[in-house]
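> just a sequence and a predicted model for now, questions to come.
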Amino acid sequence: MMSGLMIDPYDHPDGVDCVYIATSMYHDDEVFTVTCDCDGDAQCTGSSCTCVCTSNVNYEEGKLVEDKLNGRGSVFECNETCRCDFSCKNRESQKGPSRDLEIASSGAKGYGVFARRHILRGSFICEYAGEISLQNIRDKTSDWRYVITLNETMADGSTTNTFIDATKFGNVGRYLNHSCDPNCVLVPVRYDNVTPKVGIFAARDIVEGEELCYVYAQHDGDLSDTPCLCGSDTCKKFLPLGCYKGS
Ligand SMILES: C[S@@+](CC[C@H](N)C(=O)[O-])C[C@H]1O[C@@H](n2cnc3c(N)ncnc32)[C@H](O)[C@@H]1O
């Protein structure tokens with residue numbers, strides 16, 4: 001069963017065969033039971049909040065904390081069963097994509113996403129929205145361009161793979177290109193399901209006009225045969241196969 005289908009409010013390129021959604025859709029629904037009973041003044045910033053306790057503090061001053069920006073730990077946000085309201089400080093990824101973005105041509109890479117204004121390190125950029133599945137949809141599609149894989153090692157040492165396919169349903173996140181010297185990172189975010197969504201956050205300050213990019217594979221895996229055009233000094237010359245490694 002899929003969760004609610006909403007419209008992503010972003011300006012998208014014409015002529016692309018994709019339905020724009022505000023947040024990922026689940027095919028495997030396993031809803032969370034964690035909920036907090038913080039009142040409005042508590043704002044869900046500290047250890048008195050059950051949701052914050054589930055994954056330790058996520059945000060400070062609206063920015064993702066250092067550990068999580070550096071790939072240590074995932075995010076657990078408050079959800080619609082919590083007593084807090086939407087103004088709580090533990091729901092950054094649910095506020096929708098940053099409005100400081102522009103989708104524009106990135107030359108031979110196709111479309112890309114650019115900063116319309118200075119973006120501070122730790123800011124939430126957007127979700128990588130798509131159809132979420134625990135099944136390996138890479139085996140079922142000949143087009144991997146918009147499929148990301150999130151590998152997570154859980155507390156008990158087991159590993160899980162989550163696949164997000166933004167081919168037919170997606171948001172502005174599907175237009176971010178790869179760079180071998182990225183200014184964004186992907187972080188697993190949970191609030192309404194055991195299976196994570198993926199948040200894209202600014203890994204450093206990003207200046208106006210700069211293209212936003214992340215590493216399509218976070219570990220040193222195989223490279224594809226597609227030449228990488230990121231142009232960075234540390235470019236590995238070919239795109240990764242696209243498996244993103246979480247923590
Ligand atoms: C998720 S899409 C990114 C958005 C895409 N540029 C578009 O126009 O829809 C991934 C595809 O973008 C292109 N791409 C992304 N990063 C690239 C890079 N560093 N060098 C060359 N092509 C890149 C490749 O074709 C890749 O399969």
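Great, that's in hand.
> going by C-alpha atoms from here, please, whenever you check contacts or count neighbours.
Fine.
> ramachandran angles for Cys184?
The phi/psi pair for Cys184 (degrees, to the nearest 10) reads phi -130, psi 160.
> run a quick neighbour tally on it.
By other C-alpha atoms under 10 Å, the residues close to Cys184 number 26.
> so what sits opposite it in the bridge?
When bridges are called by DSSP bridges, Cys184 pairs up with Ala202.
> can you pull the pLDDT of it?
On the pLDDT scale, Cys184 is placed at 98.
> any idea which residue is closest to the centre of the protein?
Against the mean C-alpha coordinate of the chain, by C-alpha atoms, centre = their mean, the closest residue is Gly199 at 2.3 Å.
> and that residue, what's its pLDDT?
So Gly199 comes in at 97 (pLDDT).
> check Ala129 too.
95.
> list the contacts for it?
Counting by C-alpha atoms under 8 Å, 6 or more residues apart in numbering, Ala129 touches 21-25, 164-166, 169-171, 173-174, 197-198.
> pick the one among those closest to Pro188.
Distance to Pro188 across the contacts of Ala129 (C-alpha to C-alpha) is lowest for Val198, with 4.7 Å.
> quick one on the thing from earlier: surely the residue nearest to the centre of the chain forms part of a strand?
Yes: per DSSP: H, G, I helix; E, B strand; the rest coil, Gly199 lies within a strand segment.
> by mean pLDDT, point me to the weakest helix or strand of this structure.
Between all helices and strands in the chain, the lowest mean by mean pLDDT, DSSP states H and E belongs to strand 243-245, at a mean of 53.
> count of residues packed around Ser47?
Counted with other C-alpha under 10 Å, residues neighbouring Ser47 total 12.
> quickly note the distance from it to the ligand.
37 Å (C-alpha to the nearest ligand atom, to the nearest Å).
> before we move on, what SS does that residue have?
Assigned by three-state DSSP, the conformation of Ser47 is coil.
> pretty sure it sits against Cys53.
Yes: look at Ser47 against Cys53 with C-alpha atoms under 8 Å: they come within range, at 5.5 Å.
> Cys18 contacts Phe169, doesn't it?
Yes: contact criterion C-alpha under 8 Å: Cys18 and Phe169 qualify, at 5.5 Å.
> so for the two, which residue has more residues nearby?
Each of Cys18 and Phe169 has its neighbours counted (other C-alpha under 10 Å); Phe169 has more, 22 against 14.
> show me what the more buried one bridges to in the sheet.
Assigned bridge partners for Phe169, using DSSP bridges, are Val19.
> can you check Pro227 too?
Beta-bridge pairing of Pro227 under DSSP bridges involves Phe238.
> and it, what pLDDT?
For Pro227, the model assigns a pLDDT of 93.
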